[in-house]
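Visitor: Here is my input; please provide its structure:
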Amino acid sequence: MKCVVLAAGYATRLYPLTENFPKPLLEIGGRTILDWLLGDIETSGRIDEYIVISNGRFAPHFEKWAKLSPLNIRVVNDGTFTNETRLGAVKDIVFAVDALGIDDDLLVIAGDNVLNFSLKKFIDYALSKGASCAMRYYESDTARLRKSGVSEIGENDRLLSLEEKPSEPKSNWCTPPFYYYTAADVKKIPAAIEQGCGTDAPGSLVGWMCKNSVMYSMEMPGSRFDIGNLESYEKAKKEYKGITRA
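Guide: Next comes the predicted model:
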């Protein structure tokens, strides 16, 4: 299994911190966001390679970081240099798959969240299902739901739909940017794009995939800090204590 890290964005809401530096390498509690995430995932023993998808502006930072890591990390540069010309998360996945000739199951994660629980739980869940999977958490605030990917869940955790930023949310289930795709479903992503799947938000692919394949959704067993702006970054630096739910 490969772990693909979506890290090709430009994090404009965190300027000036990220004007010339990638958000996933910002530090929280003495470690980079990526070191928290990948260090935890490595304990699963399931990942044989970590693939960090970056852009032309930030790839040198990731390459320098990767050389110092004990993990097997490969940095892929998608060739963009501005926020206006970015490929978007879904096209970045295809770019990496094509560039590296990947034919494997993928754990796809955003590189800008820290979690208080181990992603090993999610990996084990996905492998037990033998199908592509996402996670979900309950959100009571309608305003937040309207800014998120909202899922509908059926029997036995079956993922029925996902809509990004709905004006009228169909449930209270939000879907964070952590996904597992089987190798067979990875091959369907180009067709998803051809059929009009949104390519910027990674949840758009889930919305298409759950209509064209079997997907399941695991309830998130803890909480996360989503580093989206300066305020959320400062909050995470003050409050994040690492993984407390193994």
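Visitor: Quick one: neighbours of the spatially closest residue to Thr175 that is not a sequence neighbour, just the number.
Guide: In space, not counting the residues next to it along the chain, Thr175 is nearest to Gly149; the distance is 4.4 Å by CB to CB, 6 or more residues apart in numbering. Every residue, glycine included, has its C-beta placed from N, CA and C. Gly149 has 23 neighbours, counted by other CB atoms under 10 Å.
Visitor: what's near enough to touch Gly149?
Guide: Contacts for Gly149 (CB atoms under 8 Å, 6 or more residues apart in numbering) come out as Leu162, Glu163, Glu164, Lys165, Cys174, Thr175, Ala201, Gly203, Val206, Gly207.
Visitor: what helix or strand is the second one on?
Guide: If you go by DSSP states H and E, Glu163 is part of strand 159-164.
Visitor: neighbouring strands for that strand, and are they parallel or not?
Guide: strand 149-153 (antiparallel) (DSSP bridges).
Visitor: So among the contacts of Gly149, which ones count as buried?
Guide: Taking 16 or more other CB atoms under 10 Å as the criterion, what is buried in the contacts of Gly149 is Leu162, Glu163, Glu164, Cys174, Thr175, Ala201, Gly203, Val206, Gly207.
Visitor: and Leu17, how many neighbours does it have?
Guide: Neighbours of Leu17 (other CB under 10 Å): 12.
Visitor: Surely it touches Glu27?
Guide: No: using CB atoms under 8 Å as the test, Leu17 is too far from Glu27 to be in contact (10.8 Å).
Visitor: Touching both of these two, which residues are there?
Guide: With CB under 8 Å, 6+ apart, Leu17 and Glu27 have no common neighbours.
Visitor: before we move on, back to that, quick one: the contacts of Gly149 as TSV, columns for pLDDT too.
Guide: Formatted as TSV, the contacts of Gly149 follow (pLDDT from 0 to 100):
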residue	pLDDT
Leu162	96
Glu163	94
Glu164	93
Lys165	92
Cys174	95
Thr175	95
Ala201	92
Gly203	94
Val206	97
Gly207	96
